[in-house]
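**Student:** Got a predicted structure here, sequence first:
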Amino acid sequence: MRLVLYATQTINGYIASETDETPWTSAAWKNYRKNAKQFKAIVIGRRTYQIMKRVNKFRKIGNPYVIVVSNFSPAESSNNLSYVKSPAEAMQLLKEMKFAKALVAGGGKLNGSFMKTKYIDEVWLDVDPVVFGTGIKLFYEDFFKAKLKLLGVKKLPPDTVQLRYKVVK
């Protein structure tokens, strides 16, 4: 099971503004959709799920199986959607459903919880030429350490850069 954390961030480390806005360049959105389509499963938090559902992003990334990590489990049900309460439950479900790889694309709390539990194998970051004064950080402030090895750097026209890292375990 390979787990990839994928996010677009500002050059100062924010993945969204404090009002959940993500005003990325068209190059960053195009690259996100292209890369996300490689995955048949996506793990996100409740807020990210609500935002993606509202703007119909799941269809744009190939309608992957969605696992929402949340303490709140609504009555909503689907063949393509599951709610779990922790990263460990998400990993168990991914393994039971025999996914070879999955994408983690949540907010800072979810991203941090998956890094802290050492489930993430790779980190893909699209760095957009934008600065937010405040916002949602890539990782929520929680104590964990990780070492990464650079796998590659790719320039996305006109001014976005993608960084790919392997998490050293």
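**Tutor:** Sure, I can see it. What you see is a predicted model, and the numbers here were worked out from it, not measured in a lab.

**Student:** And the pLDDT for the residue nearest the centre of the chain?
**Tutor:** Per C-alpha atoms, centre = their mean, the C-alpha nearest to the average position across the chain is that of Ala105, at 1.3 Å. For Ala105, the model assigns a pLDDT of 96.

**Student:** Would you map the helices across this protein?
**Tutor:** For the chain, applying DSSP state H gives helices covering 26-36, 46-54, 57-60, 87-96, 108-116.

**Student:** could you pull out the strands for this protein?
**Tutor:** 2-9, 14-16, 41-45, 65-69, 81-84, 101-104, 122-127, 136-137, 147-156, 160-168 (DSSP state E).

**Student:** low-confidence ranges in the protein?
**Tutor:** By pLDDT under 70, the weakly predicted segments of the chain are 75, 77.

**Student:** re earlier: most neighbours per residue, which of the helices of the chain?
**Tutor:** helix 108-116 (a mean of 21; mean count of other C-beta atoms under 10 Å). Where you see a C-beta, it was placed from the backbone N, CA and C, and this is true even at glycine.

**Student:** got a list of contacts for that helix?
**Tutor:** Helix 108-116 has contacts (C-beta atoms under 8 Å, 6 or more residues apart in numbering) with 3, 5, 7, 15, 43-45, 48, 69, 86-87, 104, 106, 120, 136-144, 146, 167.

**Student:** Can I get the buried ones among those residues as something I can paste into PyMOL?
**Tutor:** With 16 or more other C-beta atoms under 10 Å as the criterion, this PyMOL line picks the buried residues out of these:
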select buried, resi 3+5+7+15+43+44+45+48+69+87+104+106+120+136+137+138+139+167
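
**Student:** Of the helices of the chain, give the one that comes closest to Asp159.
**Tutor:** Nearest to Asp159 among the helices of the chain is helix 26-36; the distance by C-beta to C-beta comes to 8.0 Å.

**Student:** Indicate which one of the helices of the chain is closest to Leu156.
**Tutor:** helix 26-36 (4.6 Å).

**Student:** Only C-alpha atoms, please: export that closest one in PDB.
**Tutor:** Taking Å, rounded to 0.1, in the frame of the first residue of the first chain, the C-alpha atoms of helix 26-36 are listed here in PDB:
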ATOM      1  CA  SER A  26      -4.700  27.300 -13.800                       C
ATOM      2  CA  ALA A  27      -1.500  25.400 -14.200                       C
ATOM      3  CA  ALA A  28      -1.600  24.200 -10.600                       C
ATOM      4  CA  TRP A  29      -5.300  23.100 -10.900                       C
ATOM      5  CA  LYS A  30      -4.600  21.300 -14.200                       C
ATOM      6  CA  ASN A  31      -1.600  19.500 -12.700                       C
ATOM      7  CA  TYR A  32      -3.700  18.500  -9.600                       C
ATOM      8  CA  ARG A  33      -6.500  17.000 -11.700                       C
ATOM      9  CA  LYS A  34      -4.000  15.100 -13.900                       C
ATOM     10  CA  ASN A  35      -2.100  13.700 -10.900                       C
ATOM     11  CA  ALA A  36      -5.200  12.900  -8.800                       C
END
